[in-house]
Structure formats: C-alpha cells, structure tokens
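>>> Give me coordinates for this.
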Amino acid sequence: MNYKVNIKRIHDKAKMPLQANPGDAGMDLYSIETVEIPAGEARLIKTGIKIELPKGTEAQIRPRSGLALKHSITVLNSPGTIDEGYRGEIGVILINHGKESFIVEQSMRIAQMVIQTVPKVQLIEVDELSETERGTAGFGSSGTK
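Predicted coordinates for the structure are as follows:
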C-alpha cells in the first residue's frame, strides 16, 4: 500500500528524508546543526522538518548501523515513535556510547525513519490467560546456544 506523507521544512538547512535505494524501509534523517556529543552523553539533534502522517500510521526513528558500528552512536529511545497526531519538529535523541566525543555535523545522516501501520487494538481484561509451552519463562529462557 502506498501512503502519502506531508513534509514541511521549517529551517532553510533542512533536507527531505531520503530512501537511499529503491525498496529501502528506512528514510535517512539529517541534522540541521553541528552538535558535539561527549562520550557517555546524549543530545537532542534537530532535523528542521515536521511531518503529517496518514491515519493509522506511525513513524519509527531508528539508529543508522554505520554510526553505531563505526562511532558507537545510536538512538537513545530506539525506536522512537512519532504518533500520527504529532505536528512538531522531528528531533532525534542520539547517545554516544564511545570513549571520545563525537561531532554531529550539519547535513549528516543521523537516523532512519520508517513508516509503519498501527493496528486498532481492543484490550480485554480477563481472569485467566491460555496456557502455552513457554508459560512464564522470560529473559534468557530460550538458552544461550
């Protein structure tokens, strides 16, 4: 299904999100500012864009694998969620897990935005849940192999 997403640039240095290759799930988001992120700290990076999402969708903000691998930079609240009713500027919270400061440069690709459909969910309170083979086994229950 094709969706139309309205984008408004609110800064003269803002770049439109871009799918680098046909069929890519993520669209690159770009910084409009130069910001230093000291080792172990996080900063909100502005993109200079606002979006209008179609009904029944959300935008997820995800890390870029190259920044994570090469510089230990990732999206702190990954994935960040932009709800369909939000009309403010998209900001990306980046954290530096590295040992040295990292400079986010203006026009740098800082994250990916993926548009997803959101199902309508009806929550039903019950007294009991059905049994499964896994049951209540949680963290690490599937083994280490």
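>>> quick one: the residue most central in space within the chain from residue 141, how far?
The centroid of the chain falls nearest to residue 61 when counting by CA atoms, centre = their mean (1.2 Å). Noted for residue 61: a distance of 30 Å to residue 141, by CB to CB, to the nearest Å. Using the backbone N, CA and C atoms, a C-beta is placed for each residue, glycine as well.
>>> In the longest strand anywhere in the chain, which residues are buried?
Using DSSP state E, we find that the single longest strand of the chain is strand 42-52. Buried residues in strand 42-52, counting neighbours by 16 or more other CB atoms under 10 Å, are found at 42, 43, 45, 46, 47, 48, 49, 50, 51.
>>> What separation do you get for the last one and residue 14?
As defined by CB to CB, residue 51 lies at a distance of 12 Å from residue 14.
>>> For residue 48, give me its contacts.
By CB atoms under 8 Å, 6 or more residues apart in numbering, the contact list for residue 48 reads 9, 10, 11, 13, 14, 15, 32, 89.
>>> which is the next helix or strand following the longest strand of the chain?
Downstream of strand 42-52, the first helix or strand assigned by DSSP states H and E is strand 57-62.
>>> and the next element down the chain from that next one?
helix 65-71.
>>> Kindly export that next one (C-alpha atoms) in CSV.
Taking C-alpha atoms only, helix 65-71 is exported to CSV below (Å, rounded to 0.1, in the frame of the first residue of the first chain):
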residue,chain,number,x,y,z
SER,A,65,24.1,1.0,11.5
GLY,A,66,27.2,2.8,10.2
LEU,A,67,27.1,5.3,13.1
ALA,A,68,26.6,2.5,15.6
LEU,A,69,29.4,0.3,14.3
LYS,A,70,32.0,3.0,13.5
HIS,A,71,31.3,5.5,16.3
